[in-house]
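**Student:** Provide a 3D model corresponding to the input given below.
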Amino acid sequence: MLALIVLGVAAYGLIWFRSLDRRISKAALADTKLQQALDKPKQDHLEPFTVLITGSDARPRDTASRADTIIVARIDPKAKKVWLLSIPRDMRAEIPGHGVGKINAAKFYGGDALLVETIKNETGLEVNHYVDIGFKGFVKAVDAIGGVWVDVDRPIDDWKADISPFKTAKKIEPGYQLLDGYHALVYVRSRAFPDADFTRMRHQQTFFKALAKQLANPSGIVKLPAAITAISEYMTSTLPAGEIVRIARSLQGISPDDIDAATIPGTWKSPYVYPDKEKMRQLVEAMNAGRPFESTPTAEPVVPSQVSVTVRNGAGMSGVAASAADVLKRAGFNVVEVGNANQFVYDRTLVVYATEAAKAKAEAVAAALPVADLVPSRGMYSYKTDVLVVVGKDWASAAATSTAR
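**Tutor:** Sure, this is the predicted structure:
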């Protein structure tokens, strides 16, 4: 949504924007802790700078919220280039003053300033500016520009990501289509995939590029005032009017090809995504140096239908293996065997893999389950499929909690 403001200033000028700026930046500029946490940008306004962009899950009457979406953008006005680095919201992080937790919880514990501090500590990135956008603002902005055309790569059915009054936007079929505000929010929010956050972050990057392409057209620009006015009530920003004017002028003519996007890779082990520190370092290094992310190796996404799974009851509780198998089948995995383990002594649910080649498949399986510990086989388990799931005694409560959310 930052693209709306940048292009809006370029099209409609400073007088209109200044009245808007007072609404979107007042709270952020008054937050002294946030101002102290941010790194000062270089004096030359044409030099590259970074913006932390978050999507907030704040609801009415909430006094604190978690960051539902976390993206660090690097903008290079001279080169007319933008880099987007997505950070998994469940990434394991050391939150100053609060110990280990999910990185998005930093905003809940200590507001925007603590989130900025945590992200800087974990990634090594500088953060010069901060922008937060609420769900309702996102919906209103997308509707104000008449929707966004997106090539949806897979079916989505996720009532948890849908904030429409009667859950009418929870389903999206694959194909190139115009998404209204509520459907667009489901597209960028849904985690109902085998690899959960990772597909969601790819969708967010796809959406941002589609939005940039659409707003580059004259027909898109004329709709900007209404869109930006709609989002202003639900947005806070530390970018003052003068800064955004300069960004707008320097980025005129930018195309989707000038936007490079990547995601910090990691391994899911409930309840965290453990980041691959070396690959994260490579991505941050490329971003800081202004190099393409594609030079940094990334893993191919796992196709669930190509992953064979054995599910065994290790808890001795009736129906838990069938329940886990049903979850995996709905996620698209090929469950070929369901039965009992040799012993009913498993307190925790395990996802077992035998080789490094099978590890990515096991990670995808673990991400589809409400609870799971990822463990190498080391010859201690006998099975003929890609992955083995041993359902433990923790399954019943975890499955019930997942269903209730």
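**Student:** low-scoring stretches of the stretch 51-200 of the chain, by residue?
**Tutor:** For the stretch 51-200 of the chain, residues meeting the criterion pLDDT under 70 lie at 57-64.
**Student:** all strands for it, in order.
**Tutor:** For the stretch 51-200 of the chain, the strands defined by DSSP state E, counting those that start in this stretch occupy 67-76, 81-86, 92-95, 99-102, 129-134, 148-152, 156-157, 171-172, 175-179.
**Student:** So for S308, which of these sits nearest?
**Tutor:** Evaluated over those, closeness to S308 peaks at strand 156-157, with 23.7 Å, by Cβ to Cβ. Just so you know, the C-beta spots here come from the backbone N, C-alpha and C atoms, and that holds for glycine as well.
**Student:** and the closest one, which strands flank it?
**Tutor:** strand 171-172 (antiparallel) (DSSP bridges).
**Student:** Pull the distance from the partner strand to the chain's centre.
**Tutor:** Distance of strand 171-172 from its chain centroid, counting by Cα atoms, centre = their mean, to the nearest Å, is 19 Å.
**Student:** Then stretch 81-90?
**Tutor:** Its chain's C-alpha centre and that of stretch 81-90 lie 8 Å apart, by Cα atoms, centre = their mean.
**Student:** just so I know, which of the strands of the stretch 51-200 of the chain lies nearest Q35?
**Tutor:** Ranking the strands of the stretch 51-200 of the chain by proximity to Q35 (Cβ to Cβ) places strand 129-134 first, at 9.4 Å.
**Student:** Packing partners of the closest one?
**Tutor:** strand 49-56, helix 105-123, strand 235-237 (3 or more Cβ pairs under 8 Å, 6 or more residues apart in numbering; DSSP states H and E).
**Student:** For those, please prepare a markdown table with the additional fields mean neighbour count and distance to W149.
**Tutor:** Converted to a markdown table, the helices and strands packed on strand 129-134 look like this (neighbours: other Cβ atoms under 10 Å; distance: least, Cβ to Cβ, whole Å):
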| stretch | mean neighbour count | distance to W149 |
| --- | --- | --- |
| strand 49-56 | 23 | 21 |
| helix 105-123 | 22 | 31 |
| strand 235-237 | 25 | 23 |
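**Student:** Out of the ones you listed, the one nearest I254 is which?
**Tutor:** The minimum distance between I254 and the helices and strands packed on strand 129-134 falls on strand 49-56, with 14.8 Å, by Cβ to Cβ.
**Student:** Direction included, what does that closest one pair up with?
**Tutor:** Applying DSSP bridges, one finds strand 49-56 paired with strand 67-76 (antiparallel), strand 129-134 (parallel).
**Student:** pretty sure F138 contacts Y187?
**Tutor:** No: if you go by Cβ atoms under 8 Å, F138 and Y187 don't touch, sitting 10.9 Å apart.
**Student:** still on that earlier bit, tell me which of the strands of the stretch 51-200 of the chain lies nearest to E117.
**Tutor:** For these, proximity to E117 was assessed by Cβ to Cβ; strand 92-95 is nearest, at 8.8 Å.
**Student:** contacts for the closest one?
**Tutor:** Contacts with strand 92-95, where a contact means Cβ atoms under 8 Å, 6 or more residues apart in numbering, come from 100-103, 105-106, 109-110, 114, 118, 121-122, 272-275.
**Student:** thinking again about what came up before, hey, which of the strands paired with strand 49-56 is tucked in deepest?
**Tutor:** Most buried of the strands paired with strand 49-56, by mean neighbour count (mean count of other Cβ atoms under 10 Å): strand 129-134, with a mean of 23.
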